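1. A predicted structure for the sequence below; I have some questions about it.
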Amino acid sequence: MKAIVNIYLKEGVLDPQGKAIHHALDAMNFQGVKDVRMGKQIILQLDSESKEAALAEVTKMAEDILANTVIEDYSIEIV
Amino acid sequence: MKNVAVLQFPGTNCDYDTRYAFEKLGCTVTIIWHKATQLPEKTDLVVVPGGFSYGDYLRSGAIAQFSPIMEAVKVYAQNGGKVLGICNGFQILTESGLLPGALKRNIGLHFISKYQTLKVVNNDNEFLQNCNKDEVLNIPIAHADGNYYIDEEGFKALEENGQILLRYCNEHGEPIVVNGSVTSIAGVCNREKNVFGLMPHPERAMECILGSTDGVKMLEGLIA
């Protein structure tokens, strides 16, 4: 089983890297980009018995270390 | 003579500078490897020094917070022990929940390394007791992730409890944007005022030949 954790800065928390990418896209004449947010993706290989168990385990990981919930949100996909 | 414990993680690089600074002030300094599970029995101050613990992987300070020694530091702080986090040490203390807020990538994305003027916001704490309120200090900064963030509610609490220690400012003491920090905050302490964190490096401002001695009165406050 595989868990894909996407981590990104919360709405309302300024994302300096996303902003820099946005500037670069503008400078390269890519038009119509309204906003850029940059995050990270962590892929975990698990030997969990069920999707539910995997989700519970990875949620704990995300809360404890993978994300800093003061500034970041996360989403988890079990595949 | 005061006993200072300076923590050392893989990637810490200000440990020996920090030891030098406190030895210069007459302290006995012990460097504590992160795998230790206990602090020396008679520890008057714990310093989490600057550097790039665990290569700043995941987030600055994120992995170091789970090193064995940090459990001991948490207990030490909960019992009223004094803890100072400088730069990466500040990041480790926010990640471990010993200090409020978080440190994000600098607003301009650059690693900033220079002398920086700082305004003393509150001096009713041991760390800044030798400084005057509104005094302008000159201390080096060297960081890529110093952009202090805290939500509105948290910010209010910081202000009400006098937990804001320092702000980046110009030579006249007016706040300026250096790295994007909320209201230019450069350092904070916890509500109990025994855990302190700041991005600037007081241990690098100990001698005239290095350009400033303003670090002396900061560090002296903690070992008075």
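-> Looks like it arrived, so ask away.
2. what's the closest non-adjacent residue to B:E135?
-> B:V120 (4.6 Å; CB to CB, 6 or more residues apart in numbering or on different chains). Quick note: C-beta positions are derived from backbone N, CA and C, even for glycine.
3. my read: the one you found touches B:L166, true?
-> Yes: look at B:V120 against B:L166 with CB atoms under 8 Å: they come within range, at 6.4 Å.
4. following the helix-or-strand element of chain A with minimal mean pLDDT, which helix or strand shows up next?
-> Ranked by mean pLDDT, DSSP states H and E, the weakest helix or strand in chain A is helix A:16-27, scoring a mean of 91. Counting by DSSP states H and E, the next helix or strand C-terminal to helix A:16-27 is strand A:39-45.
5. and the next helix or strand after that following strand, what does it pack onto?
-> On the C-terminal side of strand A:39-45, the closest following helix or strand by DSSP H and E is helix A:51-61. Contact here means 3 or more CB pairs under 8 Å, 6 or more residues apart in numbering or on different chains; DSSP states H and E; on that basis helix A:51-61 packs against strand A:2-9, strand A:72-78.
6. now render the ones you listed as JSON lines, adding mean pLDDT.
-> Below are these laid out as JSON lines (pLDDT from 0 to 100):
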{"stretch": "strand A:2-9", "mean pLDDT": "96"}
{"stretch": "strand A:72-78", "mean pLDDT": "97"}
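7. for chain A, what's its nearest residue on chain B.
-> Closest approach between chain B and chain A, counting by CB to the nearest CB: B:A102, at 4.2 Å.
8. for that residue, name its beta-bridge partners.
-> With DSSP bridges applied, B:A102 shows beta-bridge pairing to B:Y149.
9. how near is it to B:I150?
-> Distance from B:A102 to B:I150, counting by CB to CB, to the nearest Å: 8 Å.
10. before we move on, the earlier item: and for B:V120 and B:L166, which residues touch both?
-> Common neighbours of B:V120 and B:L166, using CB atoms under 8 Å, 6 or more residues apart in numbering or on different chains, are B:L128, B:L137.
11. now the residue nearest to B:E135: how far from B:V73?
-> Per CB to CB, B:V120 is found 26 Å from B:V73.
12. now do B:F127
-> Separation of B:F127 from B:V73 (CB to CB): 17 Å.
13. returning to that earlier point: give me the common contacts of B:A102 and B:I150.
-> Common contact partners of B:A102 and B:I150 (CB under 8 Å, 6+ apart): A:V70.
14. ok, back up a step: so can I have CSV of the helices and strands packed on helix A:51-61 showing distance to A:D26?
-> Output for these, formatted as CSV (distance: least, CB to CB, whole Å):
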stretch, distance to A:D26
strand A:2-9, 20
strand A:72-78, 26
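15. mind checking which of the ones you listed is nearest chain B?
-> Of all the helices and strands packed on helix A:51-61, strand A:2-9 sits nearest to chain B, with 7.5 Å by CB to the nearest CB.
16. who does that closest one touch, helix- and strand-wise?
-> Here strand A:2-9 touches strand A:39-45, helix A:51-61, strand A:72-78, going by 3+ CB pairs under 8 Å, 6+ apart.
17. please identify which of B:V120 and B:V73 sits among more neighbours.
-> Between B:V120 and B:V73, B:V73 has the larger neighbour count (other CB atoms under 10 Å in any protein chain shown), namely 26 against 21.
18. name the helix or strand for that one, please.
-> Per DSSP H and E: B:V73 is located in helix B:68-78.
19. go on, B:L84?
-> Counting by DSSP H and E, B:L84 is part of strand B:83-86.
20. so is that strand next to chain A?
-> No: using CB under 8 Å from any CB of the partner chain, strand B:83-86 stays clear of chain A, coming no nearer than 15.7 Å.
21. for that strand, name the packing helices and strands.
-> Where contact means 3+ CB pairs under 8 Å, 6+ apart, strand B:83-86 is packed against strand B:45-48, helix B:68-78, helix B:88-95, strand B:195-198.
22. rerun that using 10 Å as the cut-off
-> Identification of packing neighbours for strand B:83-86 by 3 or more CB pairs under 10 Å, 6 or more residues apart in numbering or on different chains; DSSP states H and E yields strand B:3-8, helix B:15-24, strand B:45-48, helix B:68-78, helix B:88-95, strand B:185-189, strand B:195-198, helix B:214-222.
23. before we move on, back to that, who touches the least confident helix or strand of chain A?
-> The contact list for helix A:16-27 (CB atoms under 10 Å, 6 or more residues apart in numbering or on different chains) reads A:8-9, A:15, A:30-39, B:104-109, B:147, B:179-180.
24. now those residues: which count as buried?
-> A:Y8, A:L9, A:D15, A:V36, A:G39, B:K104, B:R105, B:N106, B:I107, B:N147, B:N179, B:G180 (16 or more other CB atoms under 10 Å in any protein chain shown).
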